[in-house]
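Trainee: Generate a structure from the sequence data that follows.
(chains A and B, ligands or ions: 1)
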Amino acid sequence: MAKIYIATDVLGFFALDEAGNVVDKELYEKKPDVVAARLMELEKSNYVPEIVKLIERIKPRAEKVVLEDPELARKLVAAVKGVEIVGESPSHILVEFRRNFPMYLGALGLTWDEYQKFLFEVSDLVTRLKLRQAVERRDLFIAQAISTLDDVDKILNLIASRIREWYGLHFPELEELIRDNKEYVTIVYHIGHRSRIAEDALKKILPEMPEERAKRIVESAKKSIGAEMSDWDLEQLKIYADIYLNLDAYREKLATYIDEAMKEVAPNVRELVGPLLGARLIKLAGGLTRMAFLPASTIQVLGAEKALFRALRTGGKPPKHGVIFQYPEIFRSPRWQRGKIARALAAKLAIAAKADAFTGNFIAPRLKEELLKRIQEVKTLYAKPPPKAPTQPAAKTPPPPPPPKKGGEKRPPPRRERGRR
Amino acid sequence: MSIEVVDVRPHERHYGVYIVKFEDGTERIATVNLTPGKRVYGERLIKWGGLEYREWNPYRSKLAAAILNGLKFVPIAEGTHILYLGAASGTTPSHMSDIVGERGLIYSVEFSPRVFREFMEKLVDQGRRNVIPILGDARFPYQYAHYVKGVDVVYIDVAQPAQAKILADNADYFLKPGGHVMLVIKAMSIDVTAPATETFKQEINTLKERGFDIIETVHLEPYDTAHAMVIAKKKS
Ligand SMILES: C[S@@+](CC[C@H](N)C(=O)[O-])C[C@H]1O[C@@H](n2cnc3c(N)ncnc32)[C@H](O)[C@@H]1O
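Mentor: Residues are numbered from 1 along each chain as shown, chains lettered A, B, ... in the order given. A predicted model of the protein is given here:
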């Protein structure tokens, strides 16, 4: 009776004696997915049926069974009775087995090239499965993050319009001169009283501002007809402006987080439509897996549910696009092309979501290429508007207005401009 | 793209490493692209003599920095089998993959799913078949022992304390007799002349105690101010 060493491999388990000879083996069914499932367990130090079978079989001949994973050895002790099972890391016999592996392969009738190909397939599959597990429910985190981003945008707009109204009492002319909310608030926060507005001060806080515009602002400040405001009055406004700027910085971070998380969770969807629109689609679908099960026609109108139900109720025209309207190639195209482009995009998104949810393969470049080709086709085939139909279409269903947002993604409306109200 | 290439010649010492000379007289190192047309980290692709080369950026890859700083011996050539610990997004592994070619193999271990996803995209999905991706923890070699067979080189760059121990443990499992190890150590302060840090000395000591002869140590300044590359060989 002697020691028996168990070597683990992508092909299965080998039982070796103290001279390194294979005395028995238990191989997996040679299919990458079968093997991958086993290895996922082994890598968590859980035993699989094949190793139990092998140890049961060699038990009568062995006084001691040696394997390298101490945790696995402990678990096997509870599963297989009547033999001593110990962990030894590394074990000299198994080290030799690995070094001389090509020799053992020969005995199995396999060439190294065949083996390497299989090894690659299996490790590739296991890695993908693990990457998938690592991000399992992160799609729901992304859904929350994109909702938060939209909330933050609303709040930013709200704060900005209050600040514009408030500071407008003091310097009303600035309203028309600065359309970008962040620029406006930056001036309020860093400069404050209009008498302190000077070109070099503006240059310092808003280096991108064209000189000519800075000049105009300084001029208007000098001639302003607004009410006087003391530092004591300004103080409250500045605190609020500070909150705006901090919230804006948070928005930036949140957008970066969404981008990073989308890279992991839905790289294909992200590549097709950008991180923010991709995240909105996942949110509207109720998660990545659900999105992966949706037909393209549903993806096409995600976010336009109200219009869709109204159309169903009244027998009117269904909406042509939901939130995917934010895709630049759709909103920038003439009306009559949008539905066709939306359909093409939705079809690719359906494929992309499936790849992200199930296989993890990165196929987006191909999808994107096909999509762009189709868009070109639509643009040439339907260059002219169709003749007006004689019958009057039912209630127009405008797409939901895309939420205001900025940076990171191409989107329809200019960023966070003060709405005219 | 703007600057013309005027010459590409093999590196005088290192197999699979080439020196590309540009018309303005500057020179860069490069490897022959195993997957022509594909970039891994935004590096420049260079066509010359019917082959495509990938520029090897010493600011992105510590092995390139070590080579440019005069490393005398790199134990990597065509067909070499390497165990790479800390593969990250695959910058350095991709150039090794170019060098070892179809007959070589790079078992690439990384434990962060976030960075390894990029590795899969840039190396595996773009067609490299001589890398074996392993999402695992280098501190527990038995968890990936079913993939890895005997290797000629163990390379480690995991940016963690006690790297030398992790390296030696892995070498005990997988390194063939007479094989080499390569270790990126956090070692130097910004000041080149400052004495080696305690960690550096400790790591070198660990290697010696575990049966390695130190062959060479190279600082990585100016490409990397904090690290050095150490090459050692297992005593036979
Ligand atoms: C400095 S980066 C490596 C860069 C890479 N060697 C290159 O040159 O392209 C260090 C990597 O080691 C990984 N790492 C740290 N500890 C590890 C461990 N115990 N096992 C595997 N990987 C580890 C980190 O996640 C990180 O990606």
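Trainee: in the stretch 151-300 of chain A, what residue is nearest the ligand?
Mentor: Residue nearest to the ligand within the stretch 151-300 of chain A: A:Glu264 (14.3 Å; CB to the nearest ligand atom). The way it works is simple: take the backbone N, C-alpha and C, and place the C-beta from them, glycine included.
Trainee: Could you report the neighbour count for that residue?
Mentor: For A:Glu264, the count of nearby residues is 20 (other CB atoms under 10 Å in any protein chain shown).
Trainee: wait, doesn't it sit right on B:Val115?
Mentor: No. In this structure A:Glu264 lies outside contact range of B:Val115 using CB atoms under 8 Å: 10.3 Å.
Trainee: element containing the residue of the stretch 151-300 of chain A closest to the ligand, please.
Mentor: helix A:231-265 (DSSP states H and E).
Trainee: Buried by neighbour count: which residues of that helix qualify?
Mentor: A:234, A:237-238, A:240-241, A:243-245, A:248, A:251, A:255, A:257-259, A:261-265 (16 or more other CB atoms under 10 Å in any protein chain shown).
Trainee: These also near chain B: which ones?
Mentor: The subset of the buried residues of helix A:231-265 within reach of chain B, counting by CB under 8 Å from any CB of the partner chain, consists of A:263-264.
Trainee: For the residue nearest the centre of chain A, which residues are in contact?
Mentor: Closest to where the C-alpha atoms of chain A average out (CA atoms, centre = their mean) is A:Met262, at 1.0 Å. When contacts are counted by CB atoms under 8 Å, 6 or more residues apart in numbering or on different chains, A:Met262 touches A:142, A:269-270, A:275, A:278-279.
Trainee: if I look at it, how far off is A:Lys154?
Mentor: 22 Å (CB to CB, to the nearest Å).
Trainee: Contact residues of chain B facing chain A?
Mentor: Checking chain B against chain A by CB under 8 Å from any CB, the hits are B:105, B:113-114, B:116-117, B:120-121, B:124-125, B:129, B:132-136, B:141-150, B:172-174, B:176-177.
Trainee: on that earlier part again, just give me the neighbour total for the closest residue in space to the residue of the stretch 151-300 of chain A closest to the ligand that isn't next to it in sequence.
Mentor: Once flanking residues are discounted, A:Glu264 sits nearest to A:Val135: 4.7 Å by CB to CB, 6 or more residues apart in numbering or on different chains. Neighbour count for A:Val135, taken as other CB under 10 Å: 21.
Trainee: Tell me which residues touch A:Val135, please.
Mentor: A:261, A:264-265, B:113.
Trainee: Arrange the residues you listed in TSV, one row each, with distance to A:Thr111 and pLDDT as further columns.
Mentor: Listed next are the contacts of A:Val135 as TSV, based on distance: CB to CB, whole Å; pLDDT from 0 to 100:
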residue	distance to A:Thr111	pLDDT
A:Ala261	43	92
A:Glu264	37	85
A:Val265	39	89
B:Pro113	33	88
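Trainee: check contacts around A:Ser297.
Mentor: Counted by CB under 8 Å, 6+ apart, A:Ser297 has contacts A:343, A:346.
Trainee: do that again at 10 Å, thanks
Mentor: A:318, A:343, A:346-347, A:350 (CB atoms under 10 Å, 6 or more residues apart in numbering or on different chains).
Trainee: do the same with A:Leu206
Mentor: By CB under 10 Å, 6+ apart, A:Leu206 lies in contact with A:178, A:180, A:182-183, A:186-187, A:190, A:213-214, A:217.
Trainee: Please list which of these also come close to chain B.
Mentor: When CB under 10 Å from any CB of the partner chain is applied, no member of the contacts of A:Leu206 is adjacent to chain B.
Trainee: among those residues, which are in helices?
Mentor: Among the contacts of A:Leu206, the residues falling in helices (DSSP state H) are A:182-183, A:186-187, A:190, A:213-214, A:217.
Trainee: just those now: which is nearest B:Ala30?
Mentor: A:Lys182 (44.0 Å; CB to CB).
Trainee: Excluding chain neighbours, give the residue nearest to that closest one in space.
Mentor: Computed as CB to CB, 6+ apart, the closest residue to A:Lys182 that is not its neighbour in sequence is A:Asp248, at 5.9 Å.
Trainee: I figured the one you found hits A:Ile159, correct?
Mentor: Yes. Using CB atoms under 10 Å, A:Asp248 is in contact with A:Ile159, at 9.5 Å.
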